[in-house]
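Trainee: Got a sequence here, can you model it:
(one chain, ligands or ions: 1)
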Amino acid sequence: MKKRINQYVSWIGKNDWELKKFHGDEFTTTQGSSYNAYLIQDEKNILIDTVWLPYDKEFVTNLEQEIDLEKIDAIIIQHGEVDHSGALLELMSQIPNTPIYCTNNAIKSLKGQYHKEWNFKPVKTGDTLNIGKHTLTFIEAPMLHWPDTMFTYMDGEAILFSNDGFGQHLASEFLYADEVKQDDLWNQALTYYANILAPFGVMVKNKITEILKMKLPLNMICPSHGLIWRKNPEQILQKYLEWADAYQENQITIIYDTMWNSTRKMAEAIAQGIQNIDKSVTIKIMNTSKDDKTQVMTEIFKSKAILVGSPTVNNGYLHSIAGSLEMIKGMKLKNKKASAFGSYGWSGEAPTQITEFLRKAGFEIINDEIKQLWTPDNAMLQDCVKYGEELCQKLK
Ligand code: FEO
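Mentor: Residues are numbered from 1 along each chain as shown. The predicted structure follows:
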């Protein structure tokens, strides 16, 4: 259903209350999401983005109730991913000649996904589209988070349509960020950044710096997921600058997997050692085969150091640790420290392999790994406590 933002702009998106997984099975959404499309009705009528494919008919039906589709003068597709372009096939089947403004990379991604020769109008940074009382200016934003991404700035109303940038997977009956529980909002904004945008921190920083230098008036930032930033919209720009700058909190996260609890006991003893030295540090202990991977990655993003533990199995480490390490590597995190641990019965190479993986992924290794043969007894657990204490000393 349409929700009016101001005299000219309406939200015409879809709240997806039941969404549990996003990007296939990669991202767990605990509070649903929304696919935000916007309709601008000036002398020209402009649609910005659409919704995810399963909601294509519902979206077009809703849109038809608001405007005669033939009266849509142009569609702006800021990013080709299917959660925003998914209703194009349905929509374009009814208005096949309507121009689609997007970047050259978006033309490639849309053609690659939909195999249609629509009336594409490629745009670059600084290109404008006059729509009557207002002018829209396009700002390419490559790798925020696809090469095809762009933002659109509407003068007069001073609205920045930012697509995935500054979004949150958060379905809400409200439209604005200042209307919802702030803990939920910031938790979801951070989770979104950590799991989607973290690898592109340099581009994020550069793009925001570029936008701030333009000194554009800014009344609102309208992302393509979640709530609209209306009250002090610069706050999310500042927060992104912080997150993009090798972000860390006073937190250490210990992730492990375990077969018969020996590596778990080691994890808990190491945590005890850390706490013995620094009671102010937040310690998270997570089992990668039981805890949700999106939450695990979010905690790792927030940490100044991580410890990764696995028993040695078949000369390697357990599969949930392998998957987690691959995700960690993809985040391209900066300025974080790490070490590894694990129990073993024969060869015991898992902690060394984990250490090497983390080193190659850009982590500074704080300590040699600690490994323990068979089941740790009290003396061995005390060694883990000491290991945690030493490690924490080095982090102080
Ligand atoms: Fe929300 Fe990159 O799509």
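Trainee: For the longest strand along the chain, name the packing helices and strands.
Mentor: Assignment by DSSP state E gives strand 337-344 as the longest strand of the chain. For strand 337-344, the packing partners by 3 or more C-beta pairs under 8 Å, 6 or more residues apart in numbering; DSSP states H and E come out as helix 262-277, strand 305-309, helix 350-360, strand 364-365, strand 370-373, helix 378-395. Heads up, the C-betas are built off the backbone N, CA and C, glycines and all.
Trainee: Heading C-terminal from the first one, find the next helix or strand.
Mentor: Where DSSP states H and E defines the elements, the next helix or strand beyond helix 262-277 is strand 282-287.
Trainee: so after that next one, what's the next helix or strand?
Mentor: helix 293-302.
Trainee: pLDDT on that next one, on average?
Mentor: Averaged across helix 293-302, pLDDT comes to 98.
Trainee: likewise stretch 15-31?
Mentor: pLDDT averaged over stretch 15-31 gives 97.
Trainee: same check, this time on stretch 232-247
Mentor: Stretch 232-247 comes out at a mean pLDDT of 98.
Trainee: Identify the residues contacting that stretch?
Mentor: The contact list for stretch 232-247, computed with C-beta atoms under 8 Å, 6 or more residues apart in numbering, reads 160, 165-166, 177, 186, 189-190, 193-194, 197-198, 201-202, 204-205, 208-209, 211-212, 218-221, 229, 301-302, 333-336.
Trainee: now swap in stretch 213-221 and tell me
Mentor: For stretch 213-221, using C-beta under 8 Å, 6+ apart, the contacting residues are 5, 153, 157-160, 162, 166, 228-230, 233-234, 236-237.
Trainee: OK, contacts around the residue of the stretch 101-250 of the chain found nearest the ligand?
Mentor: Residue of the stretch 101-250 of the chain nearest the ligand, by C-beta to the nearest ligand atom: Asp164 (4.5 Å). Residues near Asp164 by C-beta under 8 Å, 6+ apart: His79, Glu81, Leu144, His145, Thr149, Ile196, Leu197, Pro223, Ser224, His225.
Trainee: Please verify my assumption that Gly330 contacts Pro199.
Mentor: Yes. Gly330 lies in contact with Pro199 (C-beta atoms under 8 Å); the separation is 6.2 Å.
Trainee: Neighbour count: the two, which is higher?
Mentor: Shown here are Gly330 and Pro199; by other C-beta atoms under 10 Å, Pro199 has more neighbours (16 against 13).
Trainee: Mind telling me what element the nearest residue to Val313 once chain neighbours are set aside is part of?
Mentor: Nearest residue to Val313, sequence neighbours excluded (C-beta to C-beta, 6 or more residues apart in numbering): Met259, at 7.0 Å. Per DSSP H and E: Met259 is located in neither a helix nor a strand.
Trainee: Is Met259 in contact with Thr312, as I believe?
Mentor: No. Using C-beta under 8 Å, Met259 is not in contact with Thr312, being 10.0 Å away.
Trainee: And those two? Which one has more around it.
Mentor: Ranked by neighbour count (other C-beta under 10 Å), Met259 and Thr312 place Thr312 first, with 22 against 13.
Trainee: tell me the contacts of the more buried one?
Mentor: Contacts of Thr312 (C-beta under 8 Å, 6+ apart): Gly342, Ser343, Tyr344, Gly345, Trp346, Ser347, Gly348, Glu349, Ala350, Pro351, Lys371.
Trainee: how near is it to Lys213?
Mentor: From Thr312 across to Lys213, the span is 52 Å (C-beta to C-beta, to the nearest Å).
Trainee: In a strand, Ile221, correct?
Mentor: Yes. The assignment for Ile221 is a strand, going by DSSP: H, G, I helix; E, B strand; the rest coil.
Trainee: what bridges to it?
Mentor: Beta-bridge partners of Ile221, counted by DSSP bridges, are Leu160, Trp229.
Trainee: neighbours of it, just the number please.
Mentor: Around Ile221 there are 23 residues (other C-beta under 10 Å).
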